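[1] predicted model follows, preceded by the sequence.
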Amino acid sequence: MKKENDYNRLTNPHDKLFREVWSDLENVQSFLEAHLPDEMLRHMKPETLEICKDSFIEKELQDYFSDMLYKVTLSGTTGYLYVLFEHKSYEDKYLHLQLLEYMTKIWRLHLKQQRGQREEKTPLPIVLPLVIYHGKRAWPEHRTRFSSLIAGPVEAFSSFIPDFSFKLYDLPRLSDEEIKGSIMVRVMQLLFKHHADHDFMERLPDILVLMQKLMSQDTGLQCLETVLRYLFGTIDDASTETIKTVIASALSKKEGDYVMTLAEKIQKQGEIRGEIIGKIQLLQQIMNLPITPKNELKKQTNEELQILFQEIEKQWLQVKSE
């Protein structure tokens, strides 16, 4: 898997929180043990989970979806767990087709990795697709099978129609008490479920109080920073002081003070990004190149911005030397 810089991969706060939580295999195990039926867990060894690919999401869909792929042992054979998170709060009726395309890519990736290792034909592994959905409307219960997309006499032609279902975690349908897993898994799901609620700031202390046990651990501040970056990225009408007050009431004054430190850090990072974006647009203007809109540049990672700036700067230096 391609190694990522913690928060530099995408600017989407939902994606960042999802990846941070689901990159911790203990969190993934806790989610599976809390939500998968016993008949599946009997065949699965959650302790064998291994992150094995960064993403299958096409660039144009990265504002809408995030995903993670894991290899896992299923009754002594290799299987895959594919988790797709929809973070734009809308119902995509062709999600099944998207999943089928990704599952096909997973099978082809598996065959490519097995090439030359075995003489006999390699059987395809099981791929379990999980979808975490947090749209405003509950997902229709009758629309989890691929065949629900097909029109016509489906039953008569069923032998010729690919069909599968996906395991759906429909956050709008779940009560807060039904949301289970490790602390960070629960906090993540509750934030996703309620972030658009009109009373989100009133609900926030009850969500954050779950993190009290984490604060005594070595990773406590890292987990808090993950959540704070999400809050700063999704709450437009709350000041840093307001978030500090909420954190202090749910956790402690120490964690509340940390909010101010992190806010200053994020502001400084934003200023550095702004300077690079400004330099890119200035060089493009000087060289009579098409000027990339600021909102497009903001979607780039810090690394991508640096590479783009270096490429344009190199062109400029070549022009000057001629």
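    Done, it's in.

[2] just for the stretch 151-300 of the chain, where's the confidence low?
    Applying pLDDT under 70 to the stretch 151-300 of the chain picks out residues 236-238, 267.

[3] which residues of it fall in helices?
    For the stretch 151-300 of the chain, applying DSSP state H, counting those that start in this stretch gives helices covering 183-194, 200-208, 220-234, 240-250, 253-286, 294-297.

[4] which of the ones you listed is buried the deepest?
    helix 183-194 (a mean of 21; mean count of other C-beta atoms under 10 Å). All C-beta atoms are positioned from the backbone trio N, CA, C, and that covers glycine.

[5] now the closest residue to A250 other than its chain neighbours: how far from M201?
    In space, and not counting its chain neighbours, A250 is closest to L208: 3.8 Å by C-beta to C-beta, 6 or more residues apart in numbering. Relative to M201, L208 is positioned 11 Å away (C-beta to C-beta, to the nearest Å).

[6] and E304, how many neighbours?
    For E304, the neighbour count with other C-beta atoms under 10 Å is 13.

[7] host element of it?
    helix 302-321 (DSSP states H and E).

[8] put the alpha carbons of that helix into CSV.
    Provided in CSV are the C-alpha atoms of helix 302-321 (Å, rounded to 0.1, in the frame of the first residue of the first chain):
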residue,chain,number,x,y,z
ASN,A,302,0.6,19.6,-0.2
GLU,A,303,2.9,17.2,-2.0
GLU,A,304,1.1,17.7,-5.4
LEU,A,305,1.2,21.5,-4.9
GLN,A,306,5.0,21.3,-4.3
ILE,A,307,5.5,19.2,-7.4
LEU,A,308,3.4,21.4,-9.6
PHE,A,309,5.2,24.5,-8.3
GLN,A,310,8.6,23.0,-8.9
GLU,A,311,7.6,22.0,-12.5
ILE,A,312,6.4,25.5,-13.4
GLU,A,313,9.4,27.1,-11.7
LYS,A,314,11.7,24.8,-13.7
GLN,A,315,10.0,25.9,-16.9
TRP,A,316,10.3,29.5,-15.9
LEU,A,317,14.1,29.2,-15.1
GLN,A,318,14.6,27.6,-18.6
VAL,A,319,12.8,30.4,-20.3
LYS,A,320,14.9,33.0,-18.4
SER,A,321,18.2,31.3,-19.3
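
[9] ok, residues contacting that helix?
    5, 8, 273, 276-277, 279-280, 283-284, 286-287, 289, 297, 300 (C-beta atoms under 8 Å, 6 or more residues apart in numbering).

[10] quick one: contacts for the residue nearest to A250?
    187, 227, 246-247, 250-251.

[11] tell me, what's touching L208 and M201 both at once?
    V246.

[12] before we move on, back to that, would you turn the contacts of helix 302-321 into JSON lines with distance to V83?
    Shown next, in JSON lines, are the contacts of helix 302-321 (distance: C-beta to C-beta, whole Å):
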{"residue": "N5", "distance to V83": "21"}
{"residue": "N8", "distance to V83": "22"}
{"residue": "R273", "distance to V83": "29"}
{"residue": "I276", "distance to V83": "33"}
{"residue": "I277", "distance to V83": "33"}
{"residue": "K279", "distance to V83": "38"}
{"residue": "I280", "distance to V83": "35"}
{"residue": "L283", "distance to V83": "40"}
{"residue": "Q284", "distance to V83": "39"}
{"residue": "I286", "distance to V83": "45"}
{"residue": "M287", "distance to V83": "44"}
{"residue": "L289", "distance to V83": "40"}
{"residue": "L297", "distance to V83": "30"}
{"residue": "Q300", "distance to V83": "25"}
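
[13] wait, which of the residues you listed is closest to L61?
    Q300 (16.8 Å; C-beta to C-beta).

[14] can you pull the contacts of the closest one?
    L308.

[15] what separation do you get for it and G233?
    16 Å.

[16] quick one: contacts for the spatially closest residue to I266 that is not a sequence neighbour?
    In space, and not counting its chain neighbours, I266 is closest to F232: 6.0 Å by C-beta to C-beta, 6+ apart. Counting by C-beta under 8 Å, 6+ apart, F232 touches 13, 243, 262-263, 266.

[17] show me the two of those residues that sit farthest apart.
    The largest separation in the contacts of F232, counting by C-beta to C-beta, is between P13 and A263 at 14.7 Å.

[18] which SS state does Y82 fall under?
    strand (DSSP: H, G, I helix; E, B strand; the rest coil).

[19] correction: the previous question concerned R137.
    R137 is classified as coil under three-state DSSP.

[20] great, nothing more from me.
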